[in-house]
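[1] the following comprises the amino acid sequence and a computationally predicted model.
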Amino acid sequence: MTGLLSDDDVALVAEHALGLLPADEARALEARLAVEPALRAAYRGWTERLAGLLEDLPAVAPPARTKTALMARLFPQPRRGRFWLGLLTGTALAGLGLVLVLPVLRALPPTYQASLGVAGAAVQLTAAYDDRSGEMVLTGITGRAAQGRDHQLWLIPAGAPPVSLGLLPARDMTRLTVPAALRPALAGGVLAVSDEPAGGSPTGLPTGAVLATAFLRAPVTGS
């Protein structure tokens, strides 16, 4: 035994932090992480230790296509006719580019980020939160709720009960504004997705199966 956890549980969280658990075992462990504080603390300890191994790695600039793809995804632009393309030249085009680029630069890097779900999980998504705007961007949302059900996103503050952040939409990207009172709880908090009745939990707490969980953490940057 190690503290409140068995040796088997310690091994499980270590393997999950390394991404070594099979999908069914990972899903079962993620459900336990949502309701077992000691297990969450052990998992957080492992992920922080592993993240520390990356601190001395040099920063690697992403290829230019990454920024282009990100801008196209976050700020899709409607097709314009030839007449408008002819007008958007010179100073006008440069001004448009500045308007598009500045929001992206302000939002990167995020204050906290999390990747929920493993390969084959019922729900997967990536969350990026910017403390300067209070906005959380959810991308890569996969998995759709069954008919008459909804997937609900929760913030589980350290040592406190879950708080709803709203329902996940049936699309692969969405934005939400985190209420000001909840923003301090993001540090060390856990994001979770549960399966709920249509319209969300009737109790204000998760009532259905927990489908995915992940700690919010500051992005790791090279020195």
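    Noted; the coordinates are in hand.
[2] pop the domain breakdown of the chain in here.
    Following automatic domain parsing, one gets these domains for the chain: 7-53+111-215, 64-107.
[3] tell me which of these sits most buried.
    The highest mean neighbour count among the domains of the chain, using mean count of other CB atoms under 10 Å, belongs to domain 7-53+111-215: a mean of 17. Every residue, glycine included, has its C-beta placed from N, CA and C.
[4] could I get the phi/psi values of the residue nearest to Arg183 when sequence neighbours are not counted?
    With CB to CB, 6 or more residues apart in numbering as the criterion, Arg183 has its nearest non-adjacent residue at 6.2 Å, and that residue is Gly134. Phi and psi for Gly134, reported as degrees, to the nearest 10, are phi 70, psi 10.
[5] how about the one 3 residues further on?
    Backbone dihedrals for Val137, given as degrees, to the nearest 10, come out at phi -110, psi 120.
[6] can you give me the helices for this protein?
    Taking DSSP state H as the criterion, the chain carries its helices at 7-17, 23-33, 37-52, 64-74, 82-87, 90-107.
[7] residues in contact with the residue nearest to Arg183?
    Applying CB atoms under 8 Å, 6 or more residues apart in numbering, one finds that Gly134 lies in contact with Thr177, Val178, Ala180, Arg183.
[8] Asp130: which of those is nearest?
    Val178 (9.7 Å; CB to CB).
[9] ok, back up a step: of the contacts of Gly134, closest to Glu30?
    Set against Glu30, the nearest of those by CB to CB is Val178 (21.8 Å).
[10] verify the stated contact: that closest one with Ser133.
    No: counting by CB atoms under 8 Å, Val178 stays clear of Ser133, with 9.6 Å between them.
[11] got a list of what Pro197 touches?
    With CB under 8 Å, 6+ apart, Pro197 has these contacts: Gly148, Arg149, Asp150, Thr207, Gly208.
[12] quickly note the distance from the fourth one to Tyr129.
    Right, Thr207. Counting by CB to CB, to the nearest Å, the separation of Thr207 from Tyr129 is 25 Å.
[13] repeat that for the first one.
    Taking CB to CB as the measure, Gly148 and Tyr129 are separated by 31 Å.
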